[in-house]
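Visitor: A predicted structure for the sequence below; I have some questions about it.
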Amino acid sequence: MKGIFEKIIDRELEADIVYEDGLAIAFKDINPVAPKHFLVIPKKKIRNIQTVSSNDSHLFTHLFTVIQKLAIQENMVEEGYRVITNIGEYGGQTVDYLHFHIIGGRTMRWPPG
Ligand code: AMP
């Protein structure tokens, strides 16, 4: 059965898409924790970074270039931003599909909760 993010990729579920190319898509988080909160995901289904294989190295390099482009596009570079990926229960992963949170527009706190 298709998950939420697969439905967003296939346009079966509406999302505010801010970037897309052949390998990746980025959209606004539906429940933002900061003034700017985007999710970057690969179009290939990967559960989380624990299940990434070395065959995905090109895809991973690409995802980081997408993050860079998105940060430029959304005017986040000068002030800075945070990239987070949650893994499993203790990591706080609620959607079982690899995603990078790109969060900005305010000062971040450390340590995270
Ligand atoms: P995580 O808790 O790290 O697995 O993050 C999942 C994120 O997906 C949360 O920040 C949710 O707000 C977000 N989310 C869930 N459903 C949607 C949706 N339909 N559109 C956009 N973001 C979503």
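Guide: Now that the structure is in, tell me what you want to look at. Numbering: from 1, shown residues only.
Visitor: Now do the buried residues in the longest helix seen in the chain.
Guide: The single longest helix within the chain, with elements called by DSSP state H, is helix 57-73. For helix 57-73, the neighbour count (16 or more other C-beta atoms under 10 Å) marks Leu59, His62, Leu63, Val66, Ile67, Leu70, Ala71 as buried. Where C-beta positions appear, they are placed from N, C-alpha and C, glycine not excepted.
Visitor: Please tell me how far Asn31 sits from the ligand.
Guide: Applying C-beta to the nearest ligand atom, to the nearest Å, the value for Asn31 to the ligand is 4 Å.
Visitor: and that residue, how many neighbours?
Guide: 6 (other C-beta atoms under 10 Å).
Visitor: again with Ile9
Guide: The number of residues near Ile9, taken as other C-beta under 10 Å, comes to 23.
Visitor: I'd guessed it sits against Ile25; true?
Guide: Yes. Between Ile9 and Ile25 a contact is recorded at 5.8 Å, counting by C-beta atoms under 8 Å.
Visitor: what touches both of those two?
Guide: Ile41, Lys43 (C-beta atoms under 8 Å, 6 or more residues apart in numbering).
Visitor: just for this structure, where's the confidence low?
Guide: Applying pLDDT under 70 to the chain picks out no residues at all.
Visitor: What segments of it are helices?
Guide: Going by DSSP H, the chain shows helices at 4-9, 57-73, 88-91.
Visitor: mind putting those in JSON lines, distance to Ile46 included?
Guide: Shown next, in JSON lines, are the helices of the chain (distance: least, C-beta to C-beta, whole Å):
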{"stretch": "helix 4-9", "distance to Ile46": "11"}
{"stretch": "helix 57-73", "distance to Ile46": "8"}
{"stretch": "helix 88-91", "distance to Ile46": "14"}
